[in-house]
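> Predicted model follows, preceded by the sequence.
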There are 2 protein chains.
Amino acid sequence: MTVNLPLPQKDQLKPVKGFQMGIAQAGIKKANRKDLLVMTLVPGSQVAGVFTLNRFCAAPVQVCREHLAQDGRNGEIRALLVNTGNANAGTGEQGMQHALETCDVLAKELQIHPEQILPFSTGVILEPLPIGKIVSALPAAVANLDEDHWLDAAEAIMTTDTQPKASSITVQTPSGPVVITGICKGAGMIHPNMATMLGFIATDAGFSPGLLGDLTREIANLSFNAITIDGDTSTNDSFIVMATGQSEVHIASIKDPHYAIVRDALIALARKLAQMIVRDGEGATKFITIEVLGGKTPEECHLVAKAVAHSPLVKTAFFASDPNLGRILAAIGYAGIADLDVNHVQMWLGDVWVAKDGGRNPDYQEADGQRVMKEAEITIKIDLGRGLASQTMWTCDLSHEYVSINADYRS
Amino acid sequence: MTVNLPLPQKDQLKPVKGFQMGIAQAGIKKANRKDLLVMTLVPGSQVAGVFTLNRFCAAPVQVCREHLAQDGRNGEIRALLVNTGNANAGTGEQGMQHALETCDVLAKELQIHPEQILPFSTGVILEPLPIGKIVSALPAAVANLDEDHWLDAAEAIMTTDTQPKASSITVQTPSGPVVITGICKGAGMIHPNMATMLGFIATDAGFSPGLLGDLTREIANLSFNAITIDGDTSTNDSFIVMATGQSEVHIASIKDPHYAIVRDALIALARKLAQMIVRDGEGATKFITIEVLGGKTPEECHLVAKAVAHSPLVKTAFFASDPNLGRILAAIGYAGIADLDVNHVQMWLGDVWVAKDGGRNPDYQEADGQRVMKEAEITIKIDLGRGLASQTMWTCDLSHEYVSINADYRS
């Protein structure tokens, strides 16, 4: 079940000059399925990433961190490698050797240094990576490299996603157009073990060294870090932004007028991709936007949004289309703002003002709340009444199907 | 559905000398049901409490806090008043007036000061307290006061609990026996709006002024604060410990050898009561104990236990009797210990060593994990391998019935 999840069309996914994708079938877990993706970048590209904070992070995540930290010593990042079917997590020292070995083999194929490669894995955990199958299939993936393979790439990184997730925009700037295209995968942390969130965005804008790291963290906080299905953080979550610099737009500093234009477009695309994961959330029947405003800091707004988004009581009420506003108020109350004066809190369900000054709005009619709750896309707006900061988060409801999906025995 | 929840027997619930309970039917929400409870204490009793940290706390919680803080100025606490059927939460200034008015009326009945009374409410929120019904029924509750009404009291505070929860122990000390009896209610934060956790424990031991506050916080942390059903903190949660001093045992300081004996017995009883709430958890089919040891501090052990206990993925795996250890490891990894070295982490399911040094124990057989997962009571033991602190938490699984209970429309 999905909530208004668009199926990407190949001709809508614009190539990003200087960025190629090659796909192969390595048979890692199942035969006859795209499960290996190689991505390459022209020299001079900038790459930045954010990764899971889970201490049980996978071997490839550790390798990515090291290779990104070494950027500049051994040359910039030039290629990425993704396999599905096996997460190479909980695999110890052997897992590290395997992740490094895939980089070695791909480096020889591409005639670059192994440190210029970022590896990614997603799939079942606690099982050794079938390194032989990957090594055998790498030449086919490299031979398949093409700027126009976005849809194939989106399919190659799927695990339990019900459909590929990809999107593309072209933004006009004073110096000409910039293309931004991205793919992602994820649908909760899922059967059979845990599904990872992977996101890859490429643009032909150019960035001077050092700019992309902070920008990528900002984008992640406003997109992939602002969604939740079940609150569980996977061992392999990764989000990468790549800039090839092959357009006419080159950004030297954050004061460059192009910076804001490209930044906003990157955020918009990342949000769209992140929301696709929620729309494909396990058992999701509702797409819920939680807007928290009037906070003293973005952090406290995030606390409130997260408490509401994670509450099983709130999520089951949405599944039932029950305007049970007490559950939302209770979640606001326990979110962790120690000095919150609830008498200043307002809450809206869609366009209906349900909680006024911390209590039930005297004009609120349950039928109005009920009307909003029956919609497939619902916005909860919460005004904390204590400042100017705001934060938005997206989540889905908690349904019988979520329990079914996650309680099914791994098979 | 309950998991090994014992039905309390009246003759097992020992009276606590100096402590009386009176029950009445006020018809607050439904007719012909015990919904009003008055409890009285002899002069010289000590009373302490801990309350919800939810900022949307109910009016009676605010009154309790004020009256306990005033203790000593207007005389000690002498009575408690509990109504079910209405939580008097989200009711604004009128709710405060109602809570104070119930204290005024009961004070006149008992010929004490209103400030010597602690009021409690549980039930539907955002609706005005039917003050008239409560005031009318108070004389009947007072006329019913008796030391032997523990089972009736346990029934009177029930909301969606499937059965009354009560327990009693007598502990021998060098100066004679001490009786401890308690009741509680709660089954998750539930339909129709939210159910509150209420716990009341009385003992005939005597405590010098000032001792009981810290002890009550310690007891709460090791019992009611160590359980979770769905992670939602209600607006009305309260836990009260009362000591009448009517036995031969009087405790003047924490160095008194009786202190440790009575303290341990109070903790044991509070844990038993708290576990009853988990055993009656909404949709619960498994009773799960999470022991975290080898931590640097109790706080970090609590973080890990809470992350495992709150993970919907872990909880659905238990519902499915699926020994999906990756989900537990992932929850340990995102619990928030930034410098956790996962290579030192061990995990056991019951008596089966499943995770060794952060990975799968080579000797682990899935059939062994499967055997443990099929039991109704399961212990997860996690050794963080970095210190001597430990913490234990209790929770239940996440079943289809939980979603059904919480997704049903309020009726």
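Great, that's in hand. Residues are numbered from 1 along each chain as shown, chains lettered A, B, ... in the order given.

> And for the nearest residue to A:Pro6 once chain neighbours are set aside, the neighbour number?
Leaving aside its sequence neighbours, A:Pro6 sits nearest to A:Met276 (CB to CB, 6 or more residues apart in numbering or on different chains; 7.8 Å). Just so you know, the C-beta spots here come from the backbone N, C-alpha and C atoms, and that holds for glycine as well. If you count neighbours by other CB atoms under 10 Å in any protein chain shown, A:Met276 ends up with 27.

> for A:Asn32, same thing?
For A:Asn32, using other CB under 10 Å, the count is 7.

> Remind me which helix or strand the residue lying farthest from the centre of chain A belongs to.
Computed with CA atoms, centre = their mean, the residue of chain A farthest from its C-alpha average is A:Pro362, at 40.3 Å. If you go by DSSP states H and E, A:Pro362 is not part of any helix or strand.

> Correct me if wrong: it contacts A:Lys356.
Yes. Between A:Pro362 and A:Lys356 a contact is recorded at 7.3 Å, counting by CB atoms under 8 Å.

> can you list the domains in chain A?
What automatic domain parsing lists as the domains of chain A is A:10-279, A:287-407.

> Just confirm yes or no for the last one near chain B.
Yes. Contact check for domain A:287-407 against chain B, using CB under 8 Å from any CB of the partner chain: residues in range are A:310-313, A:316-317, A:319-320, A:322, A:324-327, A:329-334, A:337-338, A:340-343, A:357-360, A:398-400, A:402-404, A:406-407.

> ends of that domain, how far apart?
23 Å (CA to CA, to the nearest Å).

> Could you report the separation of the residue nearest the centre of chain A from chain B?
Centroid-nearest residue in chain A: A:Phe224, 3.9 Å away (criterion: CA atoms, centre = their mean). The gap separating A:Phe224 from chain B is 15 Å, by CB to the nearest CB, to the nearest Å.

> and if you look at A:Lys374?
Per CB to the nearest CB, A:Lys374 is found 12 Å from chain B.

> swap in A:Cys184?
20 Å.

> same thing with A:Ala187?
A:Ala187 is 13 Å from chain B, where distance means CB to the nearest CB.

> quick one: secondary structure of that residue?
Assigned with DSSP: H, G, I helix; E, B strand; the rest coil, A:Ala187 falls in the coil class.

> Does it touch A:Ile229 like I think?
Yes. Contact criterion CB under 8 Å: A:Ala187 and A:Ile229 qualify, at 7.3 Å.

> Could you tell me which residues touch both of the two?
Common contact partners of A:Ala187 and A:Ile229 (CB atoms under 8 Å, 6 or more residues apart in numbering or on different chains): A:Ile277, A:Gly281, A:Glu282.

> Return the subset of these lying in helices.
Counting by DSSP state H, the shared contacts of A:Ala187 and A:Ile229 place A:Ile277 in helices.

> List the beta-bridge partners for A:Thr379.
On the basis of DSSP bridges, A:Thr379 is bridged to A:Thr289.

> residue contacts, the residue nearest to A:Pro6?
For A:Met276, the contact set (CB under 8 Å, 6+ apart) comprises A:Leu5, A:Pro6, A:Lys165, A:Ser167, A:Cys184.

> farthest pair in those?
A:Pro6 and A:Cys184 (13.3 Å; CB to CB).

> just to revisit the earlier point, measure the residue nearest to A:Pro6 to A:Thr52 for me?
According to CB to CB, to the nearest Å, A:Met276 and A:Thr52 sit 19 Å apart.

> A:Leu68 too?
Distance from A:Leu68 to A:Thr52, by CB to CB: 14 Å.

> show me what contacts A:Ile254?
Here A:Ile254 is in contact with A:Leu211 (CB under 8 Å, 6+ apart).

> The same query, at a cut-off of 10 Å, please.
A:Leu211, A:Asp214, A:Leu215, A:Ala260, A:Arg263 (CB atoms under 10 Å, 6 or more residues apart in numbering or on different chains).

> The residues you listed: which ones sit near chain B?
Applying CB under 10 Å from any CB of the partner chain to those, one finds that nothing falls near chain B.

> if we take those, which one ends up nearest to A:Cys57?
A:Asp214 (21.8 Å).

> Can you classify that closest one by secondary structure?
Per three-state DSSP, A:Asp214 ends up helix.

> In this structure it contacts A:Ala48, no?
Yes. Counting by CB atoms under 10 Å, A:Asp214 touches A:Ala48, with 8.4 Å between them.

> The lowest-mean-pLDDT helix or strand in chain A packs against which elements?
Scoring the helices and strands of chain A by mean pLDDT, DSSP states H and E places helix A:400-407 at the bottom, with a mean of 76. Where contact means 3 or more CB pairs under 10 Å, 6 or more residues apart in numbering or on different chains; DSSP states H and E, helix A:400-407 is packed against helix A:312-319, helix B:312-319, helix B:400-407.

> low-confidence ranges in the stretch 101-250 of chain A?
The stretch 101-250 of chain A contains residues with pLDDT under 70 at A:188-195, A:230-233.

> That one: strands as residue ranges?
Counting by DSSP state E, counting those that start in this stretch, residue ranges of the strands within the stretch 101-250 of chain A are A:117-124, A:165-173, A:176-185, A:198-203, A:206-207, A:227-228, A:238-243, A:250-251.
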